[in-house]
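*Asks:* Give me coordinates for this.
(4 chains)
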There are 2 protein chains.
Amino acid sequence: MTEKNDDPLAFEVFNEIGIINQLTSAAFAAVLPKGMTIAQFTVLNHFERLGLTEKSPADLASAFQITRPTMTSTLSRMEKSGLVKIKADPKDGRAKLVSVTAKGKKMRSDCLKRLAEPMAEAEAVLPKKNMQKMLPLLREMREILDRLRD
Amino acid sequence: MTEKNDDPLAFEVFNEIGIINQLTSAAFAAVLPKGMTIAQFTVLNHFERLGLTEKSPADLASAFQITRPTMTSTLSRMEKSGLVKIKADPKDGRAKLVSVTAKGKKMRSDCLKRLAEPMAEAEAVLPKKNMQKMLPLLREMREILDRLRD
DNA sequence: TGCATATAATTTGATATCAAACTATATAGT
DNA sequence: ACTATATAGTTTGATATCAAATTATATGCA
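*Replies:* Predicted structure coming up:
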């Protein structure tokens, strides 16, 4: 190894996580339909996974730990391409309500199909034992960091 | 839990990794000096950690697993703000050589000082045992994914 | 009622990132 | 030597992301 090893343990962990995130994001983004992005897929998937019908942009931003301006911008593009519908919240004059259109639902399932291949490839090469050991550790870590934000 | 759990194991793992990456990146970015970014700090840190003097943009891009256009753009900003020097490679007419200036070295150590606080906070709340278990698993995973790219 | 504060969404301006296309130089094969 | 291919760097145009500032609506408190 060429690297010095005097870094805090957490730094090394964050560093590995950053690189893995970059590699996987790039691989997944590459198979999405032209114009689609991971951020947009994530929104569509969120609705389906949780069986949601309507949600405010602020709630979505908070669910993904991104800022509201970021969500505004992503939702604008999704609305423009017909993946979601956005209406005013009748109960709160400041708020809006987002819902997924039929086109959005179809897009989500298209994406899932395309993601299956790189996902299977990853599953094939990554030792299952490692994944099983890692998942609970990552979950706990994520929950702790999450609470740190409040 | 409100989520369905029929996702592939690897998908869950990548999802957790993505969220952790977002949370930690945001926290670290927040303490950097005005105008500095994690990407730029990473470049400065790379030179110091490995004791490098000169390196080509392509090598740097490959070290961080980012594309060459991305590195071009980051290095341009760093050159403009005086953190690095960029010269033509005398041995290869296509290539360039990047080196860190005195200002860049000072910036790197400033950043390290500022990063110490959130890092210590993270170390304090994250169970050390978990980190120790996770690090080798993450390293192995990263290496496997890395090889998949070639 | 009215003002102060909080929250929702947006706008602006910045960086990081990518893919695709382009220019220039190097290398290899005939 | 020539041509084909590969590699280094850049440019262009797009999305995601953030912080800071702005606008509009809610809520709380006096």
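*Asks:* who's in contact with A:S81?
*Replies:* By Cβ atoms under 8 Å, 6 or more residues apart in numbering or on different chains, the residues touching A:S81 are A:G35. Where you see a C-beta, it was placed from the backbone N, CA and C, and this is true even at glycine.
*Asks:* Look up phi and psi at it.
*Replies:* Phi and psi for A:S81, reported as degrees, to the nearest 10, are phi -90, psi 10.
*Asks:* if I look at it, how far off is A:G51?
*Replies:* With distances taken as Cβ to Cβ, to the nearest Å, A:S81 is found 23 Å from A:G51.
*Asks:* again, but for A:I38
*Replies:* 21 Å.
*Asks:* The two: which has the busier surroundings?
*Replies:* A:I38 (17 against 8; other Cβ atoms under 10 Å in any protein chain shown).
*Asks:* close enough to count as contact, A:R77 and A:M36?
*Replies:* No. A:R77 is beyond contact range of A:M36, at 10.2 Å (criterion: Cβ atoms under 8 Å).
*Asks:* Off-centre distance for the helix or strand where A:I86 lies?
*Replies:* Assessed by DSSP states H and E, A:I86 sits inside strand A:84-88. For strand A:84-88, the separation from the chain centroid amounts to 21 Å (computed by Cα atoms, centre = their mean, to the nearest Å).
*Asks:* got the angle for the following helix or strand past that strand vs strand A:84-88?
*Replies:* As assigned by DSSP H and E, the chain's next helix or strand after strand A:84-88 is strand A:96-100. Counting by axes from the mean of the first three to the mean of the last three Cα atoms, to 10 degrees, strand A:96-100 lies at 160 degrees to strand A:84-88.
*Asks:* Report the buried residues of the helix or strand following strand A:96-100.
*Replies:* Going down the chain from strand A:96-100, the next helix or strand is helix A:102-125, by DSSP H and E. Using 16 or more other Cβ atoms under 10 Å in any protein chain shown as the test for burial, helix A:102-125 gives A:G104, A:M107, A:R108, A:C111, A:R114, A:L115, A:P118, A:M119, A:A122.
*Asks:* so can I have a markdown table of the residues you listed showing distance to A:T72?
*Replies:* Conversion of the buried residues of helix A:102-125 to a markdown table gives the following (distance: Cβ to Cβ, whole Å):
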| residue | distance to A:T72 |
| --- | --- |
| A:G104 | 17 |
| A:M107 | 20 |
| A:R108 | 21 |
| A:C111 | 22 |
| A:R114 | 27 |
| A:L115 | 26 |
| A:P118 | 30 |
| A:M119 | 30 |
| A:A122 | 32 |
